[in-house]
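Student: Sequence unavailable; structure follows:
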């Protein structure tokens, strides 16, 4: 039985509340690492609104999710698989989409500057997250995650458990000339995913597929409406054990949780600041599979902004978060360090304050422009663009991180 104070950390409300505590701590001048300039949020909002209008002139903005990356280079790759989905009912189509989204998101660690995926059908050479997405989609389409050759479009726990790095490397075209950062770690993460799915039929169903999550959550929908938080809570319950560097307290695997002295409580959650970045990114990426089945996913803004280096880097580059000491790009900071935990918490909290400013500039309300669209429109691309302007050509973040790919 998980102690209730630790179970409470598995919620977006805890992410938001404790991040805002860190923001208050910094605004009071108590941080040795950063100060905050709230006035700069207006300039950040101007920049984000401009980027959003450039990329989405009609302001018809999709969710920030893995599905955007599958369309790299303007190619509708998932839609091209439609003939192979014929005959599936809505539930099985949702399971298939969930299988794909889960494995693809978990393969979305930083690829390194050298790796490219060379797509035979288009001749494109694609790097970064988009390249990893296209490679994972091609592997999925080829049956690389399936245990049944006659049913290639699925991910089975048994295959994930046995997946070797060499096999993953072959599908991802890894070689000495085309090195992919963290290949062994990526395979190990999928191995742990398979074990977690197999161990929790109460969440993922007896068939041993990530897509079994659909059968667990769909009955929870009321009048066809499923709260986004229900998806996240199921993922945190089922997958917190898979993160190799996740925090463990009192024998409980908490996942993506850091420590910061701004948060003081008289129980075992003292100083703990949850983030659950990849789990929330995965939740955003599962909105479309559930909606494709006919369900409406509601209360999107119960989730938080993603505390990762594009969103956080945007806030540093445009002066909303100010480092007390010069940032040395040659010095990498540990993800668990107080400085990085503080940066990530400030990112979550300041994105809440930024959202209304951007909505005002775009003439949209919260229902039309939830955080899931702010991120896509939005802050993630704005962070990438300002980084490329400030630190060309690769555009690394302003604060260097030593991470294993399961956080950033």
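Tutor: Perfect, I can see it now. Bear in mind that the values here come from a model prediction, so they are computed numbers and not experimental data.

Student: Longest helix of this structure, counting residues only.
Tutor: helix 338-362 (DSSP state H).

Student: ok, residue 186 touching residue 107?
Tutor: Yes. Look at residue 186 against residue 107 with C-beta atoms under 8 Å: they come within range, at 5.6 Å. For glycine as for every other residue, the C-beta is placed from the backbone atoms N, C-alpha and C.

Student: buried ones in the longest helix of the chain?
Tutor: The neighbour-count check on helix 338-362 (16 or more other C-beta atoms under 10 Å) flags 338-355, 357-359, 361-362 as buried.

Student: Find the centremost residue of the protein, please.
Tutor: Closest residue to the average C-alpha location of the chain: residue 281 at 2.5 Å, with C-alpha atoms, centre = their mean.

Student: what is the mean pLDDT for the longest helix of the chain?
Tutor: The average pLDDT within helix 338-362 is 98.

Student: swap in stretch 37-55?
Tutor: 98.

Student: Can we start the residue count at 148 from this point?
Tutor: Sure, I'll start counting at 148 from here, so that last one is stretch 184-202.

Student: Stretch 266-275: how far from the chain's middle?
Tutor: Mean C-alpha position of stretch 266-275 versus that of the full chain (C-alpha atoms, centre = their mean, to the nearest Å) differs by 23 Å.

Student: related to what we said a few turns ago, quick check, distance from the helix or strand that contains the residue nearest to the centre of the chain to the centre of its chain.
Tutor: Applying DSSP states H and E as the criterion places residue 428 in helix 424-439. Centroid separation between helix 424-439 and its chain, computed with C-alpha atoms, centre = their mean, is 9 Å.

Student: before we move on, what about stretch 480-487?
Tutor: 19 Å.

Student: ok, now stretch 153-173?
Tutor: On C-alpha atoms, centre = their mean, the centre of stretch 153-173 falls 18 Å from the chain's centre.

Student: can you pull the contacts of residue 315?
Tutor: Shown in contact with residue 315 (C-beta atoms under 8 Å, 6 or more residues apart in numbering): 286, 321, 330, 333, 334, 337.

Student: ok so, going back, helices or strands next to whichever helix or strand comes after the longest helix of the chain in the packing?
Tutor: Remark: after helix 485-509, the chain's next helix or strand is helix 518-521, criterion DSSP H and E. Applying 3 or more C-beta pairs under 8 Å, 6 or more residues apart in numbering; DSSP states H and E, one finds that helix 518-521 contacts helix 485-509.
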